[in-house]
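Asker: how would this look folded up:
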Amino acid sequence: METAVAKKGFVKYDAYKDSGVDWLGEIPKHWVVRRIKYLFNEINERSFDGSEDLLSVSQYTGVTNKSDRLEAGGMLTNAATLEGYKKVQKGDLVSNIMLAWNGSLGFSPFNGITSPAYSIYRLKSNDDRRYFHYMFRTELYKSEFKRNSSGVIESRLRLYTDDFFAILSLLPPLPEQKAIADFLDDKTAKIDQAIAQKENMIALLKERKQIIIQQAVTKGLNPNAKLKPSGVDWIGGIPEDWVVSKAKYYSKVFVPERAKPNLQTNSDGMPWVTTEILGDDYLHENNVKYHVTKTDIRLTGSRVLKRDSVLATCVGNFGISSINPFDCIINQQIQAYTDLRLNPLFFIPQVRLSKDYFSNNSTMTTIQYVSKDIFASIPIVITSLEEQEMIANYIEKQSIKIEQAIALQETQIDRLKEYRATLIDSAVSGKIKVV
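Answerer: This is a model prediction of the structure:
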């Protein structure tokens with residue numbers, strides 16, 4: 001991707017020197033290297049009553065006002081009080097010391113307060129904070145943050161202030177800092193706009209796919225077919241020779257046993273399917289994380305779900321479903337339709353269309369749960385097996401075309417993101433000259 005940056009016509013500086021730091025390599029001859037402790041002060045001002053706006057920081061969005069991202073009915077924090085939280089001024093660098101290694105740090109555009117577990121830093125001079133914002137979130141610096149963090153495993157790493165301050169920072173002259181930041185503000189905004197357009201295209205393609213599928217399984221393939229009311233809101237009109245029935249007359253509902261078997265990560269055993277891998281029309285066995293031995297299946301009395309069943313979530317986010325092309329064991333958050341007397345590809349879209357029916361008829365204990373009886377009673381449309389086969393083939397062909405179009409957009413997004421990261425790295429490290 002550096003080649004791609006070079007092809008954009010960017011030039012290099014006239015002269016370079018060895019930075020004296022292995023991981024920094026060569027830098028422009030007139031740049032200097034300084035330890036972060038000489039550039040920033042740590043700030044430890046505390047809130048008197050916790051009344052200020054609560055801020056958070058992430059690798060994706062930088063520092064944000066937490067209330068702006070709060071969903072209806074959600075809570076700002078589980079803390080009993082915000083008294084004693086760290087005060088943040090606009091322009092301060094906020095670092096989540098537990099996740100600095102993945103880029104969870106950034107300069108705050110707000111005044112507010114944040115967790116006492118975070119570290120707050122303030123530039124000592126008039127250096128351009130935008131330059132540091134870009135530099136500290138490069139892969140180069142994230143790797144260095146990780147190397148200097150304390151902890152045995154990744155989830156326990158901590159980048160404490162002394163270790164952060166000991167890291168070396170590149171320091172171009174101030175006019176170049178500003179020029180680099182201006183350049184990256186402009187270029188990244190354009191790249192982000194291009195990415196957003198492609199993400200919108202993906203959303204439209206997915207919406208188009210759902211419309212095609214819903215139309216096919218409820219209206220058939222003949223656009224001139226006479227329709228009659230189905231009596232079901234989300235199904236609408238159906239061809240005159242189709243009927244509405246219930247799932248239980250064309251399948252059996254499979255509920256897993258309550259005994260939980262021991263799990264292993266290797267593939268020597270029966271696949272253990274969880275809700276995390278549901279969603280595609282067909283399950284992919286290489287996405288299965290755990291397996292169950294035949295001995296443990298026997299000891300726990302676990303029931304094996306036969307292949308070519310339709311699995312669906314029975315807890316929480318209803319309607320997520322897949323066909324299993326292999327025998328498996330399922331966990332307690334899944335139920336399944338087995339012994340189908342319907343084409344699975346004709347049936348599974350109807351299961352997905354029934355998500356509101358599941359939700360409206362679920363029981364609530366500590367979580368929403370759909371019983372076997374509700375699973376069995378979902379309304380479905382029925383036509384001949386021959387027509388189901390035709391519809392299933394049509395859906396599969398159209399889905400392949402749309403998925404290929406989506407994959408192309410996703411590939412282009414990945415390339416744009418890679419180019420964005422390389423461009424930032426090249427600019428802040430002096431590999432290209434932007435002034």
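Asker: can we go C-alpha only for contacts and neighbour counts from here?
Answerer: Noted.
Asker: In terms of pLDDT, where does the residue most central in space within the chain sit?
Answerer: Nearest to the mean C-alpha position of the chain, by Cα atoms, centre = their mean, lies Y60 at 10.8 Å. The per-residue pLDDT reported for Y60 equals 85.
Asker: Which parts of the stretch 201-350 of the chain are helices?
Answerer: Ranges of helices within the stretch 201-350 of the chain are 294-300, 344-353, based on DSSP state H, counting those that start in this stretch.
Asker: so what's the residue nearest to the centre of the chain up against?
Answerer: Y60 makes contact with S104 under the criterion Cα atoms under 8 Å, 6 or more residues apart in numbering.
Asker: try W101
Answerer: Contact analysis of W101 by Cα under 8 Å, 6+ apart lists K142, S143, E144, F145, K146, S149, L159.
Asker: try 6 Å this time
Answerer: With contact set as Cα atoms under 6 Å, 6 or more residues apart in numbering, W101 has these partners: K142, F145, K146.
Asker: Closest one of the residues you listed to R46?
Answerer: Nearest to R46, judged by Cα to Cα, of the contacts of W101 is F145 at 25.8 Å.
Asker: For the stretch 1-150 of the chain, which segments are assigned as helices?
Answerer: With helices called from DSSP H, counting those that start in this stretch, the stretch 1-150 of the chain shows them at 2-7, 129-136, 139-147.
Asker: ok, and which of those has the densest surroundings?
Answerer: helix 129-136 (a mean of 20; mean count of other Cα atoms under 10 Å).
Asker: Report all helices and strands that that helix contacts.
Answerer: Applying 3 or more Cα pairs under 6 Å, 6 or more residues apart in numbering; DSSP states H and E, one finds that helix 129-136 contacts helix 174-219.
Asker: again, only using 10 Å
Answerer: Counting contacts by 3 or more Cα pairs under 10 Å, 6 or more residues apart in numbering; DSSP states H and E, helix 129-136 is packed against strand 93-95, strand 105-107, strand 119-123, helix 139-147, strand 168-171, helix 174-219, helix 385-428.
Asker: and that helix, how far from the chain's centre?
Answerer: Distance, stretch centre to chain centre, for helix 129-136: 25 Å (Cα atoms, centre = their mean, to the nearest Å).
Asker: What are the contacting residues of it?
Answerer: Helix 129-136 has contacts (Cα atoms under 10 Å, 6 or more residues apart in numbering) with 62, 91-93, 100-101, 103-107, 122-123, 138, 141-142, 144-145, 169-172, 174, 176-182, 184-185, 421, 424-429.
Asker: circling back to that earlier point, tell me which of the helices and strands packed on helix 129-136 lies nearest to I334.
Answerer: Of all the helices and strands packed on helix 129-136, it is helix 174-219 that lies closest to I334, at 22.8 Å by Cα to Cα.
Asker: pLDDT on the closest one, on average?
Answerer: Across helix 174-219, pLDDT averages out at 96.
Asker: what angle do that helix and helix 129-136 make?
Answerer: 60 degrees (axes from the mean of the first three to the mean of the last three Cα atoms, to 10 degrees).
Asker: Just put the helices and strands packed on helix 129-136 in JSON lines and tack on distance to Y131.
Answerer: Below are the helices and strands packed on helix 129-136 laid out as JSON lines (distance: least, Cα to Cα, whole Å):
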{"stretch": "strand 93-95", "distance to Y131": "12"}
{"stretch": "strand 105-107", "distance to Y131": "11"}
{"stretch": "strand 119-123", "distance to Y131": "12"}
{"stretch": "helix 139-147", "distance to Y131": "13"}
{"stretch": "strand 168-171", "distance to Y131": "9"}
{"stretch": "helix 174-219", "distance to Y131": "5"}
{"stretch": "helix 385-428", "distance to Y131": "7"}
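Asker: of all the ones you listed, which lies closest to K37?
Answerer: Here strand 168-171 is closest among the helices and strands packed on helix 129-136 (Cα to Cα), at 8.9 Å.
Asker: Relative to S429, how far out is A15?
Answerer: Using Cα to Cα, to the nearest Å, we find A15 at a distance of 14 Å from S429.
Asker: the more surrounded of these two?
Answerer: In terms of neighbours (other Cα atoms under 10 Å), S429 is the more surrounded of A15 and S429; the figures are 22 against 10.
Asker: so how far is A421 from the more buried one?
Answerer: 12 Å.
Asker: With K12 instead?
Answerer: Following Cα to Cα, the distance that separates K12 from A421 is 18 Å.
Asker: V232 reaches V244, doesn't it?
Answerer: Yes: with contact defined as Cα atoms under 10 Å, V232 counts as touching V244 (8.7 Å).
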